[in-house]
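>>> pasting a predicted model and its sequence here:
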Amino acid sequence: MQLKTGEAAEALNVDEKTVIRWIKHDHLPAEHFLGNYQINRVDLLEWATERGIKVNPSLYDLEDTNDGKPLPLLSQCLESGGIHCNVQGNDVPSVLQRVVNLLNLPEELDPDFVLQVLLAREAMGTTAVGDGIAIPHVRNPLLLRLNMPKVSLCFLAQPVDFGAIDGKPVQILFTITSPTVRIHLHLLSKLAYALRNEQLRQVLKPPCQSELILGTLRQIEEDLERNKA
């Protein structure tokens with residue numbers, strides 16, 4: 001899961017000097033070990049997603065830790081997690097508290113624990129990706145020990161300041177919960193791709209239109225598969 005700066009540069013389609021500059025001046029998470037930087041693949045994808053930087057698909061190529069099962073569609077996970085309108089809250093903690101309450105977590109999983117790990121992730125750096133959208137998630141999916149992935153979409157009743165890079169308050173939250181790092185990366189990358197689609201951006205604007213959003217997402221996935229054929 002650890003990348004050298006040269007590998008990170010290849011994944012982000014930049015030169016190695018740019019990656020080192022980002023580490024020193026733009027909060028790209030990295031560990032300094034024996035004179036070299038090492039970058040966690042999950043951290044790199046999240047950092048790039050938050051800044052709208054396109055990444056090489058090779059970044060998503062992980063060893064198969066899913067027992068040969070096909071990776072889930074983003075639309076399937078969104079159906080499972082649900083689309084919620086008019087979610088209340090006036091700051092990040094209160095919003096995330098309500099998001100956790102809507103996640104339909106297993107009984108054995110303490111909601112307060114989930115809230116704390118979501119807040120801990122925000123403390124590391126905002127999950128806002130611009131244009132009023134944030135993607136709160138657990139940095140280490142294995143902490144939750146879930147048996148199935150979900151993506152929950154919440155439309156806030158009022159915009160909340162998440163400290164986004166573009167300065168815009170957040171009103172739309174996609175919350176990812178997944179059982180493995182591989183699925184976490186897969187869903188995060190698919191969501192980042194889908195959010196670049198102008199049609200999806202349009203249907204995400206108020207009012208909250210659940211069926212239209214799901215239908216648009218399914219169409220994006222169908223078009224992507226058709227283009228691969």
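Sure, I can see it.

>>> which secondary element of the protein has the worst mean pLDDT?
Sorting the helices and strands of the chain by mean pLDDT, DSSP states H and E puts helix 41-50 at the bottom, at a mean of 76.

>>> could you look up the next helix or strand downstream of that helix?
Using DSSP states H and E, the helix or strand that follows helix 41-50 towards the C-terminus is helix 74-81.

>>> which ones are touching the nearest residue to residue 101 once chain neighbours are set aside?
Computed as CB to CB, 6 or more residues apart in numbering, the closest residue to residue 101 that is not its neighbour in sequence is residue 111, at 6.8 Å. Backbone N, C-alpha and C define where each C-beta goes, glycine included. Listed by CB atoms under 8 Å, 6 or more residues apart in numbering, the contact partners of residue 111 are 100, 101, 103, 105.

>>> buried ones only from the residues you listed, please, as a ChimeraX command.
With 16 or more other CB atoms under 10 Å as the criterion, this ChimeraX line picks the buried residues out of these:
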select :100,103,105
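
>>> let me know the closest of the contacts of residue 111 to residue 192.
Minimum separation from residue 192 among these (CB to CB) is found for residue 103, which lies at 21.0 Å.

>>> doesn't the closest one fall inside a helix?
No: counting by DSSP: H, G, I helix; E, B strand; the rest coil, residue 103 falls outside a helix, being coil.

>>> the longest helix seen in the chain - contacts with which helices or strands?
Using DSSP state H to define each element, the chain has its longest helix at helix 210-228. If contacts are counted by 3 or more CB pairs under 8 Å, 6 or more residues apart in numbering; DSSP states H and E, helix 210-228 sits against helix 74-81, strand 83-87, helix 181-194, helix 198-203.

>>> can you redo those as TSV with mean pLDDT?
As requested, the helices and strands packed on helix 210-228 are exported to TSV (pLDDT from 0 to 100):
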stretch	mean pLDDT
helix 74-81	94
strand 83-87	96
helix 181-194	86
helix 198-203	93
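
>>> between those, which one is closest to residue 217.
helix 74-81 (4.6 Å).

>>> CA atoms only: put the closest one into CSV for me.
Taking Å, rounded to 0.1, in the frame of the first residue of the first chain, the C-alpha atoms of helix 74-81 are listed here in CSV:
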residue,chain,number,x,y,z
LEU,A,74,-21.6,2.7,-7.0
SER,A,75,-25.4,2.8,-7.8
GLN,A,76,-25.9,-0.5,-5.9
CYS,A,77,-24.1,0.9,-2.8
LEU,A,78,-26.1,4.1,-3.0
GLU,A,79,-29.4,2.2,-3.1
SER,A,80,-28.3,0.3,-0.1
GLY,A,81,-27.1,3.4,1.8
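
>>> and the angle from it to helix 210-228?
With axes from the mean of the first three to the mean of the last three CA atoms, to 10 degrees applied, the angle from helix 74-81 to helix 210-228 works out at 150 degrees.

>>> buried sites along helix 74-81?
Within helix 74-81, the residues scored as buried using 16+ other CB under 10 Å are 74, 75, 76, 77, 78, 79, 81.
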